[in-house]
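[1] kindly return the folded structure for what I paste below:
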Amino acid sequence: MVELTHLADLSGWPKGMRLIVRKERPHPGAQLRITDRDGHRITAFVTNTRTGQLADLELRHRLRARCEDRIRAGKQTGLAGFPFKTFAQNQIWLAIVSLAAALTTWTQLLALTDHPARKWEPKRLRLRLFSIAARITRHARRTRLRLSATAPWSELIVTAMGRLTALPAPT
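    Numbering: from 1, shown residues only. Just a heads-up that it's a prediction; the model follows:
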């Protein structure tokens, strides 16, 4: 990681701003972008933080990217707009959307541990998992979820439900 402020014109930027550029190899299996050069990916960020090692600044920047991923997922879940007219109704809507996003994230972490679905965005989860036809049945004091036999992702749901039921009860 090298600080390359002498190669870019930062004269119009606020005082103390630094441009930090990094060249790295993409992780194995990553799809290369059109902007990648010679098998290396160039990333850059700007900061006005004066103290700290460059590696620490980059770590803070990368953690912010994870936060922005969660914001994007929240928008796909319902945070993109508030559907009601009053503040109180939209406040309830926000709480429901936050709960749905948290449940989705925890389900991905706990139930979809060794499957690519762990990293799926909410749109893909809705399309493939949440929209599978099912019926709740009750017989002999047992409640069962009967999934569509022809759904392509029903086996993944069965595996995920098995993992969730195998977790110890909270204390």
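
[2] off-centre distance for the longest helix along the chain?
    Using DSSP state H, we find that the single longest helix of the chain is helix 87-111. Remark: helix 87-111 is offset 13 Å from the chain centroid, using C-alpha atoms, centre = their mean, to the nearest Å.

[3] cool, stretch 80-92 as well?
    For stretch 80-92, the distance to the chain centre is 24 Å (C-alpha atoms, centre = their mean).

[4] residues contacting that stretch, please?
    93-94 (C-beta atoms under 8 Å, 6 or more residues apart in numbering). Bear in mind the C-beta positions are built from the backbone N, C-alpha and C, glycine included.

[5] now the helix or strand encompassing L59 and helix 87-111, what's the angle there?
    Counting by DSSP states H and E, the element that carries L59 is helix 54-74. Here helix 54-74 runs at an angle of 110 degrees relative to helix 87-111 (axes from the mean of the first three to the mean of the last three C-alpha atoms, to 10 degrees).

[6] which other helices and strands contact helix 54-74?
    Using 3 or more C-beta pairs under 8 Å, 6 or more residues apart in numbering; DSSP states H and E, the elements in contact with helix 54-74 are strand 18-24, strand 41-47, helix 87-111.

[7] mean confidence score for it?
    Average pLDDT, helix 54-74: 79.

[8] between it and strand 41-47, how many degrees?
    Using the same axes, to 10 degrees: helix 54-74 against strand 41-47 is 100 degrees.
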